[in-house]
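Student: one predicted model, sequence on top.
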Amino acid sequence: LTLTLVPTPFKAALRKGGVIVVKENMSRSGFILDKEDMSVTRPETEYRGLFEKAGLKVVKEMWQTKFPKELFRVKMFALQ
């Protein structure tokens, strides 16, 4: 997730009342690098910091339910 690299286009692309939806795996603490696919799983606090730096506000959030416990938790954010 690189919202901080291009925050203006994200916000500029939003129409009045529009939202950006982000759905991400959440680590319980710290960063986790998957060396197989080179993805990074971050804690929720890191995502919130990225949203703030990008000038986006969380207007709704929810956890994905009925998800296997052995996998990362998944959270969805609606941003404006």
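Tutor: Thanks, I have it.
Student: what about F31, neighbour count?
Tutor: 10 (other C-beta atoms under 10 Å). No exception for glycine: its C-beta is placed from N, CA and C like everyone else's.
Student: check the one 4 residues further on too.
Tutor: The local packing of K35 (other C-beta under 10 Å) involves 6 other residues.
Student: for V21, see how far away it is.
Tutor: Remark: distance between K35 and V21 (C-beta to C-beta, to the nearest Å) = 28 Å.
Student: after the helix or strand bottoming out on mean pLDDT in the chain, next one along is what?
Tutor: Within the chain, no helix or strand scores below helix 7-13, which has a mean of 68 by mean pLDDT, DSSP states H and E. Next helix or strand after helix 7-13 toward the C-terminus (DSSP states H and E): strand 20-27.
Student: in that following strand, which residues are buried?
Tutor: By 16 or more other C-beta atoms under 10 Å, the buried positions in strand 20-27 come out as 20, 22, 24-26.
Student: what's near enough to touch V59?
Tutor: With contact set as C-beta atoms under 8 Å, 6 or more residues apart in numbering, V59 has these partners: 19, 78-80.
Student: got the angle for the helix or strand hosting it vs strand 20-27?
Tutor: Assessed by DSSP H and E, V59 sits inside strand 58-63. Strand 58-63 and strand 20-27 are oriented at 40 degrees to each other (axes from the mean of the first three to the mean of the last three C-alpha atoms, to 10 degrees).
Student: so the longest helix belonging to the chain versus strand 20-27, what angle?
Tutor: Counting residues, the longest helix in the chain under DSSP state H turns out to be helix 44-53. Here helix 44-53 runs at an angle of 150 degrees relative to strand 20-27 (the same axes, to 10 degrees).
Student: remind me which residues of this protein are low pLDDT?
Tutor: Applying pLDDT under 70 to the chain picks out residues 1-9.
Student: what's near enough to touch the residue nearest to I20 when sequence neighbours are not counted?
Tutor: Nearest non-adjacent residue to I20, counting by C-beta to C-beta, 6 or more residues apart in numbering: L79, 4.5 Å away. Counting by C-beta under 8 Å, 6+ apart, L79 makes contact with 19-22, 51, 56-59.
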